[in-house]
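J.: Make a model of this:
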Amino acid sequence: MVNAERYITEELKVYEEKILHAEEKLTAIEQRIFMALIQAAAEYIPQIQQNARIIAQLDCLLSFATVAARNKYTRPEINESLIVDIKAGRHPVIEKQLPVGESYVPNDVYLDSEKQQVMIITGPNMAGKSALLRQTALIVLLAQMGSFVPAESASIGLVDKVFTRVGASDNLSRGESTFMVEMTETASILNNLSNRSLILMDEIGRGTSTYDGVSIAWAIVEYLHNHKDFKPKTLFATHYHELNQLEEDLTRVKNFNVSVKEVGDKIIFMRKLKEGGSEHSFGIHVAQLAGMPNRVVFRANEILHFLEKDKHKNEQREKVREVPKPTPQMTLFEADPRFKEIEEKLSKIDINTISPVEALLKLNELLTTYNRK
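T.: Model (predicted):
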């Protein structure tokens with residue numbers, strides 16, 4: 001320093017060096033011990049890995065067994081069929097979060113590829129439609145991962161894919177609205193399904209106008225039912241009661257509703273799945289339960305009664321019944337018998353080995369040959 005002198009002793013200098021180099025020595029010692037441990041353990045790697053694998057399996061199976069015993073799960077039957085048959089199924093998470101004294105209301109779900117491929121589920125908000133969809137997926141997943149399931153019984157035909165469209169979130173930073181996300185995910189489902197797929201769709205089309213939403217939902221159900229190659233098992237929850245008409249047009253579509261009981265101006269959620277469609281969503285009742293101001297509720301009821309009496313309602317229902325049936329589109333090769341020969345020649349070409357120039361020459365050859373005919 002400018003106006004001072006620094007004095008040290010040899011002992012302090014040695015101590016300072018020890019402190020400054022202590023961390024380096026500590027790291028070196030740790031590294032040496034760690035490397036020695038690795039070398040010692042290297043001789044026993046197969047045994048260590050086997051022990052770790054067995055302990056992990058025991059841990060997993062013990063967890064399965066503990067949960068099954070505590071919550072009265074049953075052993076499912078896994079088979080090669082295309083049937084999902086769940087008796088008195090429950091949601092494993094929701095049933096543990098219910099208030100004391102309240103029990104979960106179980107429901108049956110049956111899906112196959114011959115009689116009941118698509119279940120259209122209607123009913124009011126908060127009645128349990130989404131819970132029913134989720135519990136079906138969870139029971140299928142639990143069964144195929146080796147666990148007992150929350151149901152009285154379950155017969156599960158192997159499922160290779162579980163597709164869900166049960167909620168969307170805006171992605172405004174990427175320019176995607178809720179509806180865009182919903183449509184993107186739905187498109188992915190429709191383009192990747194298989195015969196053993198399980199599809200869960202909740203409120204498809206709600207992000208746009210009513211007519212657009214109904215039209216999209218209607219077309220999706222028809223597509224899933226009439227797919228030329230696959231018959232994926234589908235649970236389709238919706239507030240579009242117009243879709244109940246599909247049961248009359250499509251043989252493997254069945255209507256169900258999550259029932260409620262009306263007591264005066266109030267409703268009681270029964271949470272029980274019953275056959276048949278529902279004509280009411282009870283949205284105003286749910287708004288009242290949520291604490292909406294009474295003035296808003298009364299005004300909503302007034303408007304609802306006016307709309308229900310509107311003479312156009314019956315006309316709209318008639319329009320729904322008169323929706324044009326899907327017409328099978330002729331393929332290119334059905335339009336002209338000559339195209340059958342072209343189809344056969346094209347099927348013999350290996351597109352993985354042919355070059356672009358060869359492809360153009362082959363196309364020109366076909367055009368020349370069949371233009372002469």
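J.: Please count neighbours and contacts with C-alpha atoms only from this point.
T.: Fine.
J.: so where do the helices sit in the stretch 251-373 of the chain?
T.: 283-289, 294-309, 312-321, 332-335, 338-347, 356-372 (DSSP state H, counting those that start in this stretch).
J.: pLDDT of the fourth one, averaged?
T.: Predicted confidence along helix 332-335 averages 54 (mean pLDDT).
J.: For the stretch 251-373 of the chain, give me the ranges with low pLDDT.
T.: Within the stretch 251-373 of the chain, the stretches with pLDDT under 70 are 265, 279, 310-338, 372-373.
J.: What of the stretch 1-150 of the chain?
T.: Under the criterion pLDDT under 70, the flagged ranges of the stretch 1-150 of the chain are 1.
J.: just to revisit the earlier point, can you say which of the helices of the stretch 251-373 of the chain is nearest to Gly146?
T.: Proximity to Gly146 (Cα to Cα) singles out helix 283-289 among the helices of the stretch 251-373 of the chain, at 39.1 Å.
J.: Dump the C-alpha coordinates for the closest one into PDB.
T.: Coordinates of each C-alpha in helix 283-289 appear next as PDB, following Å, rounded to 0.1, in the frame of the first residue of the first chain:
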ATOM      1  CA  GLY A 283     -75.200 -24.400 -19.000                       C
ATOM      2  CA  ILE A 284     -77.200 -21.700 -17.100                       C
ATOM      3  CA  HIS A 285     -77.600 -24.000 -14.100                       C
ATOM      4  CA  VAL A 286     -73.800 -24.500 -14.000                       C
ATOM      5  CA  ALA A 287     -73.300 -20.800 -14.300                       C
ATOM      6  CA  GLN A 288     -75.500 -20.300 -11.300                       C
ATOM      7  CA  LEU A 289     -73.600 -22.900  -9.300                       C
END
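J.: Tell me which other helices or strands that helix touches.
T.: Helix 283-289 sits against helix 294-309, with contacts defined as 3 or more Cα pairs under 8 Å, 6 or more residues apart in numbering; DSSP states H and E.
J.: helices and strands around the helix it packs on, which ones?
T.: helix 283-289.
J.: what's the spacing between Asn364 and Val162?
T.: Distance, Asn364 to Val162, using Cα to Cα, to the nearest Å: 45 Å.
J.: Over to Ala359?
T.: The gap separating Ala359 from Val162 is 39 Å, by Cα to Cα.
J.: ok, the two, which is more surrounded?
T.: Each of Ala359 and Val162 has its neighbours counted (other Cα atoms under 10 Å); Val162 has more, 17 against 13.
J.: Count the residues that sit near the nearest residue to Ile268 once chain neighbours are set aside.
T.: Distances taken as Cα to Cα, 6 or more residues apart in numbering place Lys261 nearest to Ile268, at 5.0 Å, with adjacent residues excluded. Lys261: 11 surrounding residues under other Cα under 10 Å.
J.: Quick one: residues contacting Lys261.
T.: Ile267, Ile268, Phe269, Met270 (Cα atoms under 8 Å, 6 or more residues apart in numbering).
J.: Could I get the full set of strands for the stretch 101-250 of the chain?
T.: 107-111, 118-122, 153-157, 161-165, 197-202, 233-237 (DSSP state E, counting those that start in this stretch).
J.: Return the distance of the longest one from the chain's centre.
T.: On the basis of Cα atoms, centre = their mean, to the nearest Å, strand 197-202 is displaced by 6 Å from the centre of the chain it belongs to.
J.: hmm, who's touching that strand?
T.: 130, 133, 137, 159-167, 189, 232-238.
J.: May I have it exported as PDB, CA atoms only?
T.: Extracted C-alpha coordinates of strand 197-202, given in PDB (Å, rounded to 0.1, in the frame of the first residue of the first chain):
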ATOM      1  CA  SER A 197     -56.400 -47.300 -31.700                       C
ATOM      2  CA  LEU A 198     -58.400 -45.800 -28.900                       C
ATOM      3  CA  ILE A 199     -59.600 -42.300 -29.600                       C
ATOM      4  CA  LEU A 200     -60.900 -39.900 -27.000                       C
ATOM      5  CA  MET A 201     -62.400 -36.600 -28.300                       C
ATOM      6  CA  ASP A 202     -63.900 -33.900 -26.000                       C
END
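J.: That strand pairs with which strands?
T.: Strand 197-202 sits in its sheet next to strand 161-165 (parallel), strand 233-237 (parallel), going by DSSP bridges.
J.: how about those strands in TSV, adding mean pLDDT and distance to Thr251?
T.: Shown next, in TSV, are these (pLDDT from 0 to 100; distance: least, Cα to Cα, whole Å):
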stretch	mean pLDDT	distance to Thr251
strand 161-165	93	23
strand 233-237	94	14
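J.: dump the residue contacts of Gly123.
T.: Gly123 touches Lys129, Thr238, His239, Asn257, Val258, Ser259, Gly277, Ser278, Glu279, His280, Ser281, counting by Cα under 8 Å, 6+ apart.
J.: I am finished for the moment; much appreciated.
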